[in-house]
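Generate a structure from the sequence data that follows.
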Amino acid sequence: MNSPKKKQPPAFNIVLAPAGVSILAMITTSKALLKYNVLDFSFLFSDISKIYSVLMFGYGLWVSFGLISLYYRIIKEKEKIPFSELWWAFIFPTGAFTLATVNLYSFIVSFLFVKILYYLLYFILLIIWFYVLLKQFLVYYNSKKEKINR
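Residues are numbered from 1 along each chain as shown. Next up is the predicted model:
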């Protein structure tokens, strides 16, 4: 008999990935152009990438606050979010935005707020990563244990 699948809320975190990856791409390209002086407009591209990165960072923060309130509401209504392998989808977008924040701090905005934020994001990323890894291990371990007991 097939058991009905648990409903898993979609991983809305995926909207953070394009913001984080595009910030990383702009900063990395800008650094490379400045380092090797590839094109005559390296400084113009650098300025444009700084403006773009700050705007995308603001968008990423706005999305993050929205996601926090959304997940809070889901947890409050359902009391918990059921675990599945899809939880790994929370890791990459959070990691991409964390790396973008670190690069933003080192290349563009050296404000204490951004430094505190990237340490906080690292901490959150590690917690999520360890939690998902542990839960995934327990699911795997319990399924192996069930197969042995059959």
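
Might one say that residue 93 is in contact with residue 21?
No: with contacts counted by Cβ atoms under 8 Å, residue 93 stays clear of residue 21, the gap being 9.1 Å. For the C-beta atoms, the positions are set from N, CA and C on the backbone; glycine is no exception.

neighbour count winner among those two?
residue 93 (24 against 17; other Cβ atoms under 10 Å).

mind checking which helix or strand the residue most central in space within the chain is in?
With distances taken as Cα atoms, centre = their mean, the residue of the chain nearest its centroid is residue 94 (1.2 Å). Secondary structure from DSSP states H and E places residue 94 in helix 91-107.

Check which element follows that helix along the chain.
Using DSSP H and E, the next helix or strand after helix 91-107 towards the C-terminus is helix 112-149.

List the buried residues in that next one.
Within helix 112-149, the residues scored as buried using 16 or more other Cβ atoms under 10 Å are 114, 117, 118, 121, 122, 125, 128, 132.

Including distance to residue 77, could those residues go into JSON lines?
Formatted as JSON lines, those follow (distance: Cβ to Cβ, whole Å):
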{"residue": "114", "distance to residue 77": "33"}
{"residue": "117", "distance to residue 77": "29"}
{"residue": "118", "distance to residue 77": "31"}
{"residue": "121", "distance to residue 77": "26"}
{"residue": "122", "distance to residue 77": "30"}
{"residue": "125", "distance to residue 77": "26"}
{"residue": "128", "distance to residue 77": "21"}
{"residue": "132", "distance to residue 77": "22"}
